[in-house]
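Colleague: the following block contains a protein sequence and its predicted model.
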Amino acid sequence: MSHLDSAVKGFRSRYGADPDGVWQAPGRVNLIGEHTDYNDGFVLPLALPQATRVAAVRRDDGLLRLHSAQAAQVTEVEVARLGPGAVGGWAVYPAAVVWALGRAGHRVGGADLYVDSDVPVGAGLSSSAALECAVGLAYDDLYGLGLDRPGLALLAQRAENDFAGVPCGVMDQMASSCCTEGAALFLDTRDLSARQVPLDLAARGLVLLVVDTQVKHELADGAYAQRRAGCERAARLLGLAALRDLPYAELEAALEQLPAGELRSLTRHVVTEDARVERVVALLDGADGPESPGGPDGPGGPGGAAAGLRAVGPILTEGHASLRDDFAVSCAETDLVVAAANAAGALGARMTGGGFGGSVVVLAEEGAADGIADAVADAFAAEGWKSPRSFAAVPSAGARRLL
Ligand code: GLA
């Protein structure tokens with residue numbers, strides 16, 4: 001059964017009627033640009049084929065009803081009574097979006113929602129942003145709000161910040177709402193200007209593996225807020241609106257002005273990471289030419305477009321070292337995936353998402369992918385850890401209406 005059919009069927013079985021429509025928003029994986037979004041910096045995520053679907057009917061009695069294919073919890077709440085803390089569990093995210101719409105001045109009422117998702121939860125692949133964006137898009141249509149995509153993303157981010165209490169940046173929601181098939185989203189998080197950067201790895205014989213360690217360490221939430229506060233403090237001490245305003249060429253001099261220790265390392269990560277995003281985008285732009293008909297010396301040969309894409313690998317590994325040593329958000333499991341993948345012949349690898357567990361992205365030759373996944377599984381077995389799950393990331397479409 002298709003995803004659409006199962007969403008419709010699920011809705012019918014819970015509510016005994018057909019939905020007015022079905023809306024979908026994807027999870028994302030970030031290629032590079034980590035912990036830069038709340039510093040007004042650059043990010044380069046892509047949408048995954050794994051997505052969250054919301055089948056919905058508008059209700060005019062002000063009641064919001066929430067069912068999920070993945071959870072037994074059913075929630076019923078008056079939209080007028082929504083507020084932070086009013087609901088718990090998975091219902092926080094859809095309720096947050098409806099609340100944030102009202103707070104933004106939109107005249108919205110109730111709905112019957114049925115949610116079905118194949119985005120792994122707790123894997124750093126933005127299952128919450130997918131849920132928020134799918135619900136936001138459904139409400140946009142059900143209530144004729146006329147939101148544009150950045151508007152949808154900002155609304156979802158506000159919902160997560162102010163209702164769910166997670167101080168996240170805007171990357172995940174922008175990726176889920178604005179990505180397009182076959183491309184990564186080069187996003188300037190300061191003004192939300194964005195460009196779709198074509199990413200056709202298969203045409204170059206490459207694959208981007210996502211390795212989900214299936215661990216999420218407890219300190220993740222507090223540590224995220226603490227890193228964010230540290231970055232904001234460093235920017236203030238340097239007299240900048242955000243760390244994004246510190247040019248790479250002035251980094252060393254600026255570090256001297258900060259107290260030795262954490263603030264220096266946080267700043268070094270953010271500024272070098274912004275530069276890495278720009279380097280990767282330049283390589284992807286260069287790789288977007290025709291494959292060379294002229295053999296190894298043509299643009300598709302080792303010195304040309306394909307080589308450009310392969311050169312992304314070491315930048316990913318450099319980014320991981322920065323997240324591990326300077327930003328201190330990696331953990332033993334993600335470090336081991338990166339080390340084992342690189343030792344088994346990957347072109348490069350890095351943790352992706354907020355950190356303290358979650359997933360790693362690995363860039364590899366297509367033919368090497370299985371061997372790398374096996375090597376990672378062996379390394380985990382040697383530690384006595386549960387085997388991670390891996391899949392190939394295919395750049396997919398952002399949020400859209402299915403029915
Ligand atoms: C989480 C947040 C994002 C971003 C990343 C780190 O995914 O939701 O806003 O800050 O961490 O890059």
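Modeller: That came through fine.

Colleague: for the longest strand along the chain, packing partners?
Modeller: With DSSP state E setting the assignment, residue counts place strand 45-59 as the longest strand in the chain. Contact partners of strand 45-59 among helices and strands, from 3 or more C-beta pairs under 8 Å, 6 or more residues apart in numbering; DSSP states H and E: helix 3-15, strand 21-30, strand 110-117, helix 127-142, helix 171-178, strand 183-188. (Glycine included, C-beta is placed from N, CA and C.)

Colleague: most tightly surrounded among these?
Modeller: Mean neighbour counts were compared across the helices and strands packed on strand 45-59 using mean count of other C-beta atoms under 10 Å; the top stretch is helix 171-178, at a mean of 30.

Colleague: outside of that helix, which residues touch it?
Modeller: Helix 171-178 has contacts (C-beta atoms under 8 Å, 6 or more residues apart in numbering) with 25-28, 30, 33, 37, 43, 45-47, 126, 128-130, 132-133, 136-137, 149-150, 152-154, 156-157, 160, 185, 187, 189, 192, 194, 398-399.

Colleague: which ones among those residues also lie next to the ligand?
Modeller: Asp37 (C-beta under 6 Å from any ligand atom).

Colleague: so how far is the lowest-mean-pLDDT helix or strand in the chain off the chain centroid?
Modeller: Every helix and strand in the chain was compared by mean pLDDT, DSSP states H and E; the lowest is helix 305-310, with a mean of 85. Relative to its chain's centre, helix 305-310 lies at 24 Å (C-alpha atoms, centre = their mean, to the nearest Å).

Colleague: each with direction, which strands does the helix or strand following the longest strand of the chain pair with?
Modeller: As assigned by DSSP states H and E, the chain's next helix or strand after strand 45-59 is strand 63-68. Strand 63-68 has the following strand partners under DSSP bridges: strand 75-78 (antiparallel), strand 110-117 (parallel).

Colleague: returning to what we had before: so, in contact with the ligand or not, whichever helix or strand comes after the least confident helix or strand of the chain?
Modeller: Per DSSP H and E, the first helix or strand lying C-terminal to helix 305-310 is helix 312-321. No. Judged by C-beta under 6 Å from any ligand atom, helix 312-321 stays clear of the ligand, getting no closer than 10.7 Å.

Colleague: only alpha carbons, please: show the helix or strand that comes right after helix 312-321 as CSV.
Modeller: Using DSSP H and E, the next helix or strand after helix 312-321 towards the C-terminus is helix 332-343. Output of helix 332-343 as CSV, limited to C-alpha atoms (Å, rounded to 0.1, in the frame of the first residue of the first chain):
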residue,chain,number,x,y,z
ALA,A,332,32.0,7.8,21.4
GLU,A,333,29.5,6.3,19.0
THR,A,334,29.5,9.0,16.3
ASP,A,335,33.3,9.2,16.6
LEU,A,336,33.6,5.5,16.1
VAL,A,337,31.3,5.5,13.0
VAL,A,338,33.5,8.3,11.4
ALA,A,339,36.8,6.5,12.2
ALA,A,340,35.6,3.1,11.1
ALA,A,341,34.0,4.4,7.9
ASN,A,342,37.1,6.4,7.0
ALA,A,343,39.4,3.4,7.8
